[in-house]
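[1] The sequence and its predicted three-dimensional model are supplied below.
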Amino acid sequence: MSLDAEIGVTVGDLSLEVSMQARPGEVVAVLGPNAAGKSTLLRALAGLVPLDRGRIELDGRLLDEPSSGTFVPPEQRSVGLVFQDHLLFPHLDVRDNVAFGIPGERRAARAAATELLEQHRLGYVADVRPGRLSGGQAQRVALVRTLATEPSLLLLDEPLAALDAQTRALVRRDLRQSLTGFAGVRVLVTHDPVDAFALADRVVILEAGRITDEGAPAEIAGRPRTDYAADLMGTNLVRGNASAGTVLTEGGASLVTTTAADGPVLAVIAPTAISLHMHHPEGSPRNVWEGRVTHLDRRVDRVHVHVDGPVPLIADVTPASVDALALTEGSRVWLAVKATEIAVYPV
Amino acid sequence: MKHRRPAPAGVVPVAVLAVAFVALPLAGLLWRAPWRSTWEVLDSHAALTALRLSLVTSLAATALAIVLGLPLAWVLARVESRARPLVRALTTLPMVLPPVVGGTALLLALGRRGLVGQYLDDAGIHLPFHLAGAVVAEAFVAMPFFVLTVESAFRSVDTRLEDAARTLGASPWRVLRTVTIPLARPGLIAGAVLCWARALGEFGATITFAGNFPGRTQTLPLFVYVQLEGGDRDAAIVLSLVLLVVSLAVLVGLRDRWFALR
């Protein structure tokens, strides 16, 4: 089961132009900031928003093509959509919610729903109305309800976003198990890279209605192409021009690297590869400069130190070293990065 | 501790007067009620006939308002169009229109020589001065109560639940039947009850369009008026009380809807 889509939709200020292909059984994660068009993309695939331009083909069946006047309504698409806030029907109990999408005689559908719920270890909530479920239970029921329709394409719109951290880990594990047993294409929309990496074979970065990067999760993490992607992966992205191993940055600084590339490049510097010093450090680091601390972002066991300078960077250090260096916002600090720690790749 | 706001001088006495203004006429009705002969009045042939006619016409008018008003309410709630305010204004006009004007308009449109009525007459459908005419007159006046209440009930249903139902394989008709209507049910019931209460009390449009024929188009309000004018005063009072009790029952029945907010 495969997906081949060229999606062109204009909704209000958003113009979405996305080309999307997926192989049978593939899990694609769409990552992007708010209002990038992620939900609109899913709604277009589901048939809830008709295309203005382009075409959608699923398993060789044309679903939407404005140029030929083809439009298959959502209920005939075999496309399942799981929403962020589950959208279970409040007037039906869990069993009837799941039975809703199972065709055929009602009593048989209800029996099938009960069986499905038991398979997903949710049999104990079958008689409960959605209003009495926890967030995690509701989201798992919503997934079962959609899987019950046996869709060819499964769309998940931020399925974990509305859950608290602890529930999220549980539901993510559950989701991964359920998704493994699903044969069709799965498209997962999220703004959390953890979800994308835990669940996806391929990651698509969507910004302002356009795909800005695409690849295996490891590729995206190692070689982000946009500031958004770099930020998402928690790393520093520097643009510049490479020549004889040295990268001249857009800000006018020189980075000594080990690259053989020539011309416009992107350089990634991991925050953990940056060391901070009170005085000009001695020894081997090839890239050393002075900067000013603009912001300290304290996490549980790490501190992200934002440093302005010839190359604005975020360094990731321990709380102990922040104390040892007596860092506060506004203090001067020396940064050092080894040439071997800078990953450089052509734009 | 409750916060007290001092009332501007004179406001409270006038407010009390306003309550008395509404309550006094009702008290008058109770005061003059011929309690001893109540049962005889209710048991009389003429009164029973008017009561039966009123029940039949008001229920039929409510049914008509539901059949026509449900699709209209859905369109007003769900179809984005620049014509919507105009359509809503037009369909709620009978709420503010003097009923006698409504009756006159109905007569000119559906009467024997009316705009549409002449063709209806040829087809053997007679509305003016017939029972069906009373139903039409009541539905004309009462339908806006149903439409407005149901429109707001439809609006309160999350359209994304309808989207979810579509992706689960439900056709638009099935979505309406199994999601939208069940979720809007309290509003649908309230709208139907309000519509029925208004139809039951309809006077002006009915007498203008359907006339005042005992046993055919003389509904309870018409009967009360006729008796008060020169017939059996006691009957008029007792039947007024019947209508008052119905109104109170409607108020009590819908109290959660209107008085839940404090």
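    Arrived safely. Residues are numbered from 1 along each chain as shown, chains lettered A, B, ... in the order given.
[2] Give the burial count for the residue of chain A found nearest chain B, as a bare number.
    Going by Cβ to the nearest Cβ, chain B is nearest to residue A:101 of chain A, at 3.5 Å. Glycine gets a C-beta too; all of them are placed from N, C-alpha and C. Look at residue A:101: counted by other Cβ atoms under 10 Å in any protein chain shown, it has 23 neighbours.
[3] Quick check: closest non-adjacent residue to it.
    residue B:168 (3.5 Å; Cβ to Cβ, 6 or more residues apart in numbering or on different chains).
[4] rewinding a little: the residue of chain A closest to chain B contacts residue B:169, doesn't it?
    Yes: here residue A:101 reaches residue B:169: they are 5.2 Å apart, a contact under Cβ atoms under 8 Å.
[5] and for those two, which residues touch both?
    Counting by Cβ atoms under 8 Å, 6 or more residues apart in numbering or on different chains, the contacts common to residue A:101 and residue B:169 are residue A:149.
[6] The residue nearest to residue A:101 is in contact with residue A:100, isn't it?
    Yes: counting by Cβ under 8 Å, residue B:168 touches residue A:100, with 5.4 Å between them.
[7] Overlap of the contact sets of these two?
    Common neighbours of residue B:168 and residue A:100, using Cβ under 8 Å, 6+ apart, are residue A:145.
[8] Is the residue of the stretch 1-150 of chain B found nearest chain A part of a helix or strand, or is it coil?
    Proximity to chain A, evaluated over the stretch 1-150 of chain B using Cβ to the nearest Cβ, is greatest for residue B:80 at 13.0 Å. Here residue B:80 is recorded as coil under DSSP: H, G, I helix; E, B strand; the rest coil.
[9] Can you give me the neighbour number for it?
    5.
[10] if I look at it, how far off is residue B:159?
    Remark: distance between residue B:80 and residue B:159 (Cβ to Cβ, to the nearest Å) = 11 Å.
[11] likewise residue A:124?
    Distance of residue A:124 to residue B:159, given as Cβ to Cβ: 32 Å.
[12] repeat for residue A:235
    From residue A:235 over to residue B:159 the distance is 40 Å, taken as Cβ to Cβ.
[13] Look at those two and report which has more neighbours.
    Just comparing residue A:235 and residue B:159: by other Cβ under 10 Å the higher neighbour count belongs to residue A:235, 21 against 13.
[14] ok now do the more buried one, which residues does it touch?
    A:221, A:224, A:268-271.
[15] Just send those residues back as a markdown table, with secondary structure too.
    What follows is the contacts of residue A:235, written out as a markdown table (three-state DSSP):
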| residue | secondary structure |
| --- | --- |
| A:221 | helix |
| A:224 | coil |
| A:268 | strand |
| A:269 | strand |
| A:270 | coil |
| A:271 | helix |
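[16] looking at those, which has the most residues close by?
    Within these, residue A:269 tops the neighbour count with 25 neighbours, counted by other Cβ under 10 Å.
[17] Hmm, that residue is touching residue A:341, no?
    Yes: Residue A:269 lies in contact with residue A:341 (Cβ under 8 Å); the separation is 6.8 Å.
[18] Leaving out the residues flanking it, which one is nearest to residue A:161?
    In space, residue A:161 is closest to residue A:84, 5.2 Å off (Cβ to Cβ, 6+ apart).
[19] The residue nearest to residue A:34 when sequence neighbours are not counted: neighbouring residues, count only.
    The shortest distance from residue A:34 to any non-neighbouring residue, by Cβ to Cβ, 6+ apart, is to residue A:191 (7.2 Å). Burial of residue A:191 is recorded as 16 neighbouring residues (other Cβ under 10 Å).
[20] Residue A:191 against residue A:157, yeah?
    No: using Cβ under 8 Å, residue A:191 is not in contact with residue A:157, being 11.0 Å away.
[21] list the residues that contact both of the two?
    In contact with both residue A:191 and residue A:157: residue A:38, using Cβ under 8 Å, 6+ apart.
[22] now the farthest one out in chain A, which residue is it?
    Taking Cα atoms, centre = their mean, the residue of chain A most remote from its mean C-alpha position is residue A:282, at 40.8 Å.
[23] On the three-state scheme, residue A:345 is what?
    What three-state DSSP gives for residue A:345 is strand.
[24] Contacts only, for the nearest residue to it once chain neighbours are set aside.
    Nearest non-adjacent residue to residue A:345, counting by Cβ to Cβ, 6+ apart: residue A:223, 5.3 Å away. Applying Cβ under 8 Å, 6+ apart to residue A:223 gives the contacts A:215, A:266, A:268, A:343, A:345.
[25] can you list the residues of chain A near chain B?
    A:43, A:46-48, A:73-75, A:77, A:79-81, A:83, A:87, A:89-91, A:100-101, A:103, A:145-146, A:149 (Cβ under 8 Å from any Cβ of the partner chain).
[26] Okay, and which of these map to strands?
    Secondary structure assignment by DSSP state E places A:79-81 of the residues of chain A next to chain B in strands.
[27] Return the member of those nearest to residue B:144.
    Nearest to residue B:144 out of these is residue A:81 (Cβ to Cβ; 37.5 Å).
[28] Report the secondary structure state of residue A:311.
    coil.
[29] count of residues packed around it?
    There are 24 residues near residue A:311, going by other Cβ under 10 Å.
[30] Contact partners for it?
    Counting by Cβ under 8 Å, 6+ apart, residue A:311 makes contact with A:238, A:249, A:251, A:253, A:255, A:289.
[31] now do 7 Å
    The contact partners of residue A:311, by Cβ atoms under 7 Å, 6 or more residues apart in numbering or on different chains, come to A:238, A:249, A:251, A:253, A:255.
[32] most neighbours, which of those residues?
    Greatest neighbour count in these, by other Cβ under 10 Å, goes to residue A:255: 25 neighbours.
[33] Specify the local secondary structure of the residue lying closest to that residue once chain neighbours are set aside.
    Setting aside the residues directly before and after it, residue A:255 is nearest to residue A:247 in space (Cβ to Cβ, 6+ apart), at 4.3 Å. Using three-state DSSP, the secondary structure recorded for residue A:247 is strand.
[34] List the residues that contact residue A:247.
    Contacts for residue A:247 (Cβ under 7 Å, 6+ apart) come out as A:240-241, A:255, A:257, A:265, A:267, A:344.
[35] Show me the residues you listed that map onto strands.
    Going by DSSP E, the strands hold A:240-241, A:255, A:265, A:267, A:344 from those.
[36] what about burial for those residues, which qualify?
    Listed as buried from the ones in strands among the contacts of residue A:247 are A:240, A:255, A:265, A:267, A:344; burial here means 16 or more other Cβ atoms under 10 Å in any protein chain shown.
[37] Would you agree the first one is in contact with residue A:265?
    If I follow you right, that is residue A:240. Yes: the pair residue A:240 / residue A:265 is scored as a contact, 6.1 Å apart, by Cβ atoms under 7 Å.
[38] that older thread, turn the contacts of residue A:235 into JSON lines, columns for distance to residue B:57 and pLDDT.
    Shown next, in JSON lines, are the contacts of residue A:235 (distance: Cβ to Cβ, whole Å; pLDDT from 0 to 100):
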{"residue": "A:221", "distance to residue B:57": "74", "pLDDT": "81"}
{"residue": "A:224", "distance to residue B:57": "74", "pLDDT": "85"}
{"residue": "A:268", "distance to residue B:57": "80", "pLDDT": "87"}
{"residue": "A:269", "distance to residue B:57": "83", "pLDDT": "87"}
{"residue": "A:270", "distance to residue B:57": "82", "pLDDT": "86"}
{"residue": "A:271", "distance to residue B:57": "80", "pLDDT": "87"}
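[39] Counting neighbours, what do you get for residue B:69?
    Counted with other Cβ under 10 Å, residue B:69 comes out at 27.
[40] Following the helix or strand it falls within in sequence, what is the next regular element?
    Residue B:69 belongs to helix B:45-78 when assigned by DSSP states H and E. Remark: after helix B:45-78, the chain's next helix or strand is helix B:84-96, criterion DSSP H and E.
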